[in-house]
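[1] Here's a sequence, model it:
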Amino acid sequence: MNRLKKIREHAGISQAELAEAIGVTQGAISQYETGRWMPTVDKLKAMAQKLGVTVDELLKEDQDDEG
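    This next block holds a predicted model:
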């Protein structure tokens, strides 16, 4: 979930706002962003909808514009 934080920040949404929108704690969002926890499919869909992206975009490996 390396891309989640970048996508969330680009959307201008705080961890707390995203957490409230999908029914989890802010701590859960933090754990998703660090890769310690993996959200369920339902939570992935809800996050994607809130952030205006696809689930595929959330799950894509972070390429980090190297080079």
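
[2] For stretch 17-33, buried residues please.
    Within stretch 17-33, the residues that count as buried by 16 or more other Cβ atoms under 10 Å are L18, A19, I22, V24, A28, I29, Q31, Y32, E33. Where C-beta positions appear, they are placed from N, C-alpha and C, glycine not excepted.

[3] Same question for stretch 35-43.
    Quick answer for stretch 35-43 (16+ other Cβ under 10 Å): W37, P39, K43.

[4] would you turn the residues you listed into CSV with pLDDT?
    Below are those laid out as CSV (pLDDT from 0 to 100):
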residue, pLDDT
W37, 94
P39, 95
K43, 97
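
[5] Inside helices: which ones of those?
    K43 (DSSP state H).

[6] and of the buried residues of stretch 17-33, the nearest to K6?
    Taking Cβ to Cβ as the measure, K6 sits nearest to E33 out of the buried residues of stretch 17-33, at 9.3 Å.

[7] Phi and psi next, for the closest one.
    Torsion angles at E33 (phi, psi; degrees, to the nearest 10) stand at phi -70, psi -30.

[8] Run a quick check on it versus K5, I expect a contact.
    Yes: E33 is within contact range of K5, at 4.4 Å (criterion: Cβ atoms under 8 Å).

[9] Adding secondary structure and distance to H10, write the buried residues of stretch 17-33 out as CSV.
    As requested, these are exported to CSV (DSSP: H, G, I helix; E, B strand; the rest coil; distance: Cβ to Cβ, whole Å):
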residue, secondary structure, distance to H10
L18, helix, 12
A19, helix, 17
I22, helix, 17
V24, coil, 20
A28, helix, 20
I29, helix, 15
Q31, helix, 20
Y32, helix, 16
E33, helix, 13
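
[10] May I see these organised as CSV, with pLDDT and distance to E9 added?
    Below are the buried residues of stretch 17-33 laid out as CSV (pLDDT from 0 to 100; distance: Cβ to Cβ, whole Å):
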residue, pLDDT, distance to E9
L18, 98, 11
A19, 98, 15
I22, 98, 17
V24, 98, 18
A28, 98, 17
I29, 97, 12
Q31, 96, 17
Y32, 96, 14
E33, 94, 10
